[in-house]
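J.: Need coordinates for the following:
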Amino acid sequence: MSRLVELHEVGRQSPWLDNLKRSWITGGELNRWVERGCRGITSNPTIFQKAMTSGDAYDSDLAELTAAGTGTEESYWHLVTSDISAALAVLRPVYDSSAGTDGYVSVEVAPELAHDAVATIEAARELHGWIDAPNLYVKVPATPAGVDALRTLTAEGHSINVTLIFSLGRYEDVIEAYLTGLESRPGDLSDISGVASFFVSRVDTEVDRRLEAVGTPAARALGGRIAVAQAKLAYDIFRRCFSGPRWEALSARGARVQRPLWASTSTKNPAYPDTLYVDNLIGPDTVNTLPEATLEAFEDHGTVRRTIDADLDRAAADLDDLADVGVDLAEVAEVLESEGVAAFAKSFDELLETLAGRAAELTA
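T.: Numbering: from 1, shown residues only. Sure, this is the predicted structure:
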């Protein structure tokens, strides 16, 4: 049994692949990842920027679209939906065999919509219309506008991956929006699914920078501890919110839990173990979406055991100690959310510029 399969069967966590490109689809690499134990795929504008600006895999389709008079942004969405549809077909057997628990592929709305709830709702509706597959997740950011959009989209029956969650408070807002959306929808709820993408390693990157600036032994002792501690407390919130009378009433109508998805789980600091954000966040009803290098590292030397709810008192104490040394975790979350939205928008804009230039070359 591979470690990825063991992670799911023993650790009860679903490993997903945090990358997608056309050469993997046409060359069979995506099928091989699924055979090794990957149970879903996530994508974002940065991933597609890297895919579409490397090599010539998209040239033929781009030339055809351009010759037909299709604009650059519309061409982008044609290319993206083509890749997503092909990936959905590869993952459909996983979706079917898991009774709709896994086998999902995520595609993100345009990053420019991050602070516009109405436009986000319309974009998500369009994506679900363009790609008519039960195992599609549309990604919306967990900005206040995105949380509002989630509530409406869930009530309409759309399955959503809420991304860019950096704080426990915002995570609670996301869960409440999901539950309220379910409660607003009459009848059977079994066809609705969702995940909440809680970002991990980026938290340590920003917190560690601030701890170094503080410079005291107490501050330095917290280095590399806060991201895992916060994720463990997020899981505690998940278990609390998806239990009790309110949840039981929804579950009786077929509702599915909105699983926590650990995102940004590649180790950024080379001084830390390369499987730090996998080994320490394993537990039931969770997803971990990993770039291929981290998947390979975990397959080689990861440890499968339930860790997500171990040492919760220590996790809470770490967050208290962080406040005591003067690092404001709420402020960290605000910075990371802003940077995350800006980074995706930058990738999106740069990609459109590159596609426009490439289209001109292909049709010259």
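J.: Can you pull the phi/psi pair for Arg39?
T.: Arg39 adopts backbone torsions of phi -120, psi 10, taken as degrees, to the nearest 10.
J.: Let me know whether it touches Glu9 as I believe.
T.: No: using CB atoms under 8 Å, Arg39 makes no contact with Glu9, being 11.0 Å away. Every residue, glycine included, has its C-beta placed from N, CA and C.
J.: which of those two has more neighbours?
T.: Higher neighbour count among Arg39 and Glu9: Arg39, with 25 against 12, using other CB atoms under 10 Å.
J.: how near is the closest residue to that one other than its chain neighbours to Leu91?
T.: Ranked by CB to CB, 6 or more residues apart in numbering and with sequence neighbours excluded, the top spatial neighbour of Arg39 is Asp102, at 4.0 Å. For Asp102, the distance to Leu91 equals 8 Å [CB to CB, to the nearest Å].
J.: any residues in contact with both of those two?
T.: Counting by CB atoms under 8 Å, 6 or more residues apart in numbering, the contacts common to Asp102 and Leu91 are Arg39, Gly40.
J.: Between the two, which is the more surrounded one?
T.: Leu91 (25 against 21).
J.: ok, the more buried one - contacts?
T.: Val34, Arg39, Gly40, Ile41, Asp102, Gly103, Tyr104, Val105, Asn135.
J.: tell me the secondary structure for it?
T.: helix (DSSP: H, G, I helix; E, B strand; the rest coil).
J.: Let me know the pLDDT of it.
T.: On the pLDDT scale, Leu91 is placed at 98.
J.: got the contact list for Leu7?
T.: With CB under 8 Å, 6+ apart, Leu7 has these contacts: Gln13, Pro15, Gly37, Ile282, Asn288, Phe298, Gly302, Val304.
J.: so can I have TSV of those showing secondary structure, distance to Ala124 and pLDDT?
T.: Converted to TSV, those look like this (DSSP: H, G, I helix; E, B strand; the rest coil; distance: CB to CB, whole Å; pLDDT from 0 to 100):
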residue	secondary structure	distance to Ala124	pLDDT
Gln13	strand	27	98
Pro15	strand	26	98
Gly37	coil	29	97
Ile282	coil	31	98
Asn288	strand	24	98
Phe298	helix	32	98
Gly302	coil	34	97
Val304	coil	35	97
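J.: could those go into CSV alongside distance to Ala315?
T.: CSV is the format used below for those (distance: CB to CB, whole Å):
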residue, distance to Ala315
Gln13, 18
Pro15, 23
Gly37, 28
Ile282, 15
Asn288, 18
Phe298, 22
Gly302, 21
Val304, 21
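J.: between these, which is closest to Val109?
T.: Nearest to Val109 among the contacts of Leu7: Asn288, at 23.1 Å, using CB to CB.
J.: quick one: that closest one and Leu261, what's the gap?
T.: Relative to Leu261, and taking CB to CB, Asn288 is found at 7 Å.
J.: What of Glu112?
T.: According to CB to CB, Glu112 stands 23 Å off from Leu261.
J.: could you point out which element follows the strand or helix carrying Thr180?
T.: If you go by DSSP states H and E, Thr180 is part of helix 168-184. If you walk from helix 168-184 toward the C-terminus, the next helix or strand you reach (DSSP H and E) is strand 194-199.
J.: returning to that earlier point: gap between the helix holding Thr180 and the chain center?
T.: Here helix 168-184 shows a centroid-to-chain-centroid distance of 17 Å under the convention CA atoms, centre = their mean, to the nearest Å.
J.: Run through the neighbouring helices and strands of the longest helix belonging to the chain.
T.: Secondary structure of the chain read by DSSP state H shows that its longest helix is helix 329-362. Judged by 3 or more CB pairs under 8 Å, 6 or more residues apart in numbering; DSSP states H and E, helix 329-362 is in contact with helix 45-52, helix 59-67, helix 72-97, strand 136-141, strand 160-165, helix 168-184, helix 201-214, helix 312-324.
J.: Report the contact partners of the residue nearest to Ser54 when sequence neighbours are not counted.
T.: Spatial nearest neighbour of Ser54, chain neighbours left out: Lys21 (7.7 Å); criterion: CB to CB, 6+ apart. For Lys21, the contacting residues are Ile47, Lys50, Ala51, Ser54, Ala57, Asp83, by CB under 8 Å, 6+ apart.
J.: Pull out the buried members of those.
T.: With burial judged by 16 or more other CB atoms under 10 Å, the buried subset of the contacts of Lys21 is Ile47, Ala51, Ala57, Asp83.
J.: And for Gly103, the neighbour number?
T.: Gly103 has 25 neighbouring residues, counting by other CB under 10 Å.
J.: what's the answer for Gly223, then?
T.: 16.
J.: start at 217 instead
T.: Right, with 217 as the first residue, what we last looked at is Gly439.
J.: tell me the contacts of the residue lying closest to it once chain neighbours are set aside?
T.: Spatial nearest neighbour of Gly439, excluding adjacent residues (CB to CB, 6+ apart): Asp424 at 5.1 Å. By CB under 8 Å, 6+ apart, the contact list for Asp424 reads Gly439, Gly440, Asn485.
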